[in-house]
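Asks: Predicted model and sequence follow; I will ask about them next.
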Amino acid sequence: MTMSVRRMASLCLIAITLSGCGSEPTAAAPAAASPAAVITPAPAPTLSIVDPWVKTTKEGMTAAFGTLVNDTDADVVVVSGASPLSPKIELHEVVDNDGKMIMRPKEGGFTIPARSSHQLQPGGDHIMLMGVTEEVKPGAQIEFTLTLKDGGTVTFTAVGKDFAGGKEDYQPGMDMGES
C-alpha cells in the first residue's frame, strides 16, 4: 500500500469508530452510567485575623491582638477562644469605670459587623490568656482557635512580640473590674 492509501484507510477507520461512539447502546452492551462530577467550592472563611500577635511574657498572663476581618454579608460574633498556651482564655475589653481604666470580660463576645473589621489592641479589646506556664519569647508561634456564635471555629497562629506601649500589665493583681 502506498502512504496515501494507508492514510485514507486510517481516516476511514477513525471515522467509523467515532460514529459508533454516538450510537445507542445495544442489549448486548449496556451503557455504564458515568458519575457526574460535582464540584463544590470550599466555603469561604467566615472570619480571618490580620497581623495576630501575643505580648511576650515569662509566665502568668498575657494578651493576643490583631484585626478580626469579616468578609461576609452578616455580622459574626466571636464567643470564646482557646490555645495550648493557656488553660483559661477570656475575651476582654478595657473600659472607663469612674475615671479608672479597667479590664473586664466582654459581655456577648466580639461582634464583627458584616463587611467590616474589629481591632484587638493594647488598651482596648483583646484576647486574655491566664495561667500561662510557658514563656512567650519574641518570634514564638502561638496557636489559637476562636469559637463563633454559630458554632464555627477559626484557627490562626500569632507571633510573640515585645511590647511596652500602653503600660498594660497583664499580671495578677491588675484591676480587672472584679468586685
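Replies: Yes, it's here. Numbering: from 1, shown residues only.

Asks: Only C-alpha atoms from now on, for both contacts and neighbour counts.
Replies: Fine.

Asks: Give me the contact list for stretch 148-165.
Replies: Here stretch 148-165 makes contact (CA atoms under 8 Å, 6 or more residues apart in numbering) with 47-49, 51-56, 64, 76-80, 122, 136-147.

Asks: Going by neighbour count, which of those are buried?
Replies: 47, 49, 52-56, 64, 76-80, 122, 136-138, 140, 142, 144, 146-147 (16 or more other CA atoms under 10 Å).

Asks: Now do the same contact list for residue 69.
Replies: Per CA under 8 Å, 6+ apart, neighbours of residue 69: 47-50, 112, 115-118.

Asks: in the protein, what secondary structure element scores lowest on mean pLDDT?
Replies: Ranked by mean pLDDT, DSSP states H and E, the weakest helix or strand in the chain is helix 3-21, scoring a mean of 47.

Asks: measure stretch 98-116 end to end?
Replies: 31 Å (CA to CA, to the nearest Å).

Asks: how much space between the closest residue in space to residue 135 that isn't next to it in sequence and residue 86?
Replies: Nearest residue to residue 135 in three dimensions, chain neighbours excluded: residue 58, at 4.3 Å (CA to CA, 6 or more residues apart in numbering). From residue 58 over to residue 86 the distance is 13 Å, taken as CA to CA.

Asks: related to what we said a few turns ago, CSV please, covering the contacts of residue 69 and showing secondary structure.
Replies: Formatted as CSV, the contacts of residue 69 follow (DSSP: H, G, I helix; E, B strand; the rest coil):
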residue, secondary structure
47, coil
48, strand
49, strand
50, strand
112, strand
115, coil
116, strand
117, strand
118, strand
